[in-house]
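Participant: Fold the following and give me the result.
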Amino acid sequence: MMQGLPPEHAAMRQFVVADGELCVGGVPLSRLTTRVGRTPFFAYDRALVTRRIAELRAALPKSVEIHYAMKANPMPAVVDHIAPRVDGLDVASAGELATALDSGADPCHISFAGPGKRDAELEQAVAAGILVNIESFREVDALAAISGRTGWPARVAVRVNPDFELKSSGMKMGGGPKQFGIDAEQVPKLLEMIASARLAFEGFHLFAGSQNLSAEAICEAQNRSFDLAVRLARHAPSPVVFLNLGGGFGIPYFPGEAHLDIAPIGRNLETIAQRAGDALPGARIVIELGRYIVGEAGIYVCRIVDRKISRGLPYLVTDGGLHHHLAASGNFGQVIRKNYPVAVGNRMSDADREVASVVGPLCTPLDVLADRMSLARAEPGDLIVVFQSGAYGATASPQRFLGHPSALEVLV
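Facilitator: Reported below is the predicted structural model:
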């Protein structure tokens, strides 16, 4: 890169381009759009999801289990595709639990996390026989009452809020005061309660942070999480058989970011697995991933409905926007808005380019999908593509805002 030029997005080479059009699942974008019936829509490439899981299998030790965190993308067809290819599913609500069970996933390998589980949800979880990650002292009492009333055993793990953070993390889920899990220093007391309540204790869940592109930081967090779990296991009412070390594997969204190198992480997990053989014999080591499995396999597609020039800057006005893809608009946690990788999907090979902004139809200046990006020169009818849209898209967005139609979703 020449000095003085702004950083560029990481290359989006996961999708094939044929005759100038982006292809998803081997289908050219314009044909896929006709097949779907209307824009906007999210399209997920099943072959890319399968390939990502295979890459993980090749890089990680065979003894380490891969679980899919459904909150990243709970579309039933996506879950149905992933479930038989991974070792377990992690859900964050009773709604996601229903989807997980419908997929045919073994309840023995489904876990339930979340800081605000309602009693009715806990009862559904116990009835299903899944593992509940306890995140408060109240949940111990609630599960004990459910198990006592029904006679069904309540399988539990303790979600620990560690006394450290995942460095370089896009979103910190542990360390300091957090709504997630039990502070590490309070876990021994909680374990005493679990023993007194005669709940079926299985292990620990530690999730320090997410969206991390530093292999070194992820390895450090895994090592510290493992060490913490070993210390806490001394207070456990029974041997640890389940240890979820979280995930945090990121994908590149913004200019200057690079793809994560998972090879060092695999080597580090091999060392952890060997140590676990002595320190936590019989424990299943689990890595929980959502975004990393599905994020790069999805695109968001919307159609340009108008082209206008405002004081020299072209605006491409589309039928999609922040109501479908809140994250791409910058309103899902960005402090300073940055562009996702965006392209004109039916003009991928066009040499005629311009700097333009892509906006949606909403009556708010926040409805921006691309701010002053270099794009192929586009006209009404052309198709805008937002890459890296397989995770935290449709279900993480205010789709009813201003009454516009919701986005469709397809697995190709």
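
Participant: roughly how far apart are the spatially closest residue to Pro115 that is not a sequence neighbour and Gly95?
Facilitator: Take Pro115 and drop its neighbours on the chain: the residue closest to it by CB to CB, 6 or more residues apart in numbering is Gln179, 4.7 Å away. In short, each C-beta sits where N, CA and C put it, glycine included. Counting by CB to CB, to the nearest Å, the separation of Gln179 from Gly95 is 20 Å.

Participant: Would you map the strands across the stretch 251-400 of the chain?
Facilitator: Using DSSP state E, counting those that start in this stretch, the strands assigned to the stretch 251-400 of the chain run over residues 284-289, 298-310, 313-318, 342-344, 353-359, 368-376, 383-386.

Participant: between the ones you listed, which one is nearest to Pro255?
Facilitator: Distances from Pro255 to each of the strands of the stretch 251-400 of the chain were compared using CB to CB; the minimum, 9.9 Å, belongs to strand 368-376.

Participant: Could you provide the strands of the stretch 251-400 of the chain in a markdown table, with additional columns for mean pLDDT, mean neighbour count and distance to Ala72?
Facilitator: Listed next are the strands of the stretch 251-400 of the chain as a markdown table, based on pLDDT from 0 to 100; neighbours: other CB atoms under 10 Å; distance: least, CB to CB, whole Å:
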| stretch | mean pLDDT | mean neighbour count | distance to Ala72 |
| --- | --- | --- | --- |
| strand 284-289 | 97 | 22 | 8 |
| strand 298-310 | 98 | 19 | 10 |
| strand 313-318 | 98 | 19 | 24 |
| strand 342-344 | 98 | 24 | 21 |
| strand 353-359 | 97 | 19 | 24 |
| strand 368-376 | 97 | 19 | 20 |
| strand 383-386 | 98 | 25 | 16 |
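
Participant: Reformat these as JSON lines; add distance to Asp106.
Facilitator: Shown next, in JSON lines, are the strands of the stretch 251-400 of the chain (distance: least, CB to CB, whole Å):
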{"stretch": "strand 284-289", "distance to Asp106": "13"}
{"stretch": "strand 298-310", "distance to Asp106": "26"}
{"stretch": "strand 313-318", "distance to Asp106": "42"}
{"stretch": "strand 342-344", "distance to Asp106": "40"}
{"stretch": "strand 353-359", "distance to Asp106": "43"}
{"stretch": "strand 368-376", "distance to Asp106": "40"}
{"stretch": "strand 383-386", "distance to Asp106": "35"}
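
Participant: So the residue nearest to Pro115 is in contact with Ala113, correct?
Facilitator: No - no contact is recorded between Gln179 and Ala113 when judged using CB atoms under 8 Å, the distance being 11.9 Å.

Participant: Same drill for these two, tell me which one is more crowded.
Facilitator: Between Gln179 and Ala113, counted using other CB atoms under 10 Å, the more crowded position is Ala113 (24 against 11).

Participant: wait, what's in contact with that one?
Facilitator: Under the criterion of CB atoms under 8 Å, 6 or more residues apart in numbering, the contact list for Ala113 reads Asp90, Val91, Ala92, Asn133, Glu135, Arg159, His205, Phe207.

Participant: For the stretch 1-150 of the chain, give me the ranges with low pLDDT.
Facilitator: Segments of the stretch 1-150 of the chain classed as low confidence (criterion: pLDDT under 70) are 1-6.

Participant: ranges for the strands of it?
Facilitator: With DSSP E, counting those that start in this stretch as the definition, the stretch 1-150 of the chain shows strands at residue ranges 17-18, 21-24, 27-28, 41-44, 64-69, 88-91, 110-112, 131-134.

Participant: For Gly129, grab the count of nearby residues.
Facilitator: The number of residues packed near Gly129 is 14, by other CB under 10 Å.

Participant: Ok, Val64 next?
Facilitator: Neighbour count for Val64, taken as other CB under 10 Å: 20.

Participant: do the same with Ala276
Facilitator: Per other CB under 10 Å, the neighbour tally for Ala276 reads 22.

Participant: ok, now which ones touch it?
Facilitator: Remark: with contacts taken as CB under 8 Å, 6+ apart, Ala276 is in contact with Phe226, Leu243, Ala283, Ile285.
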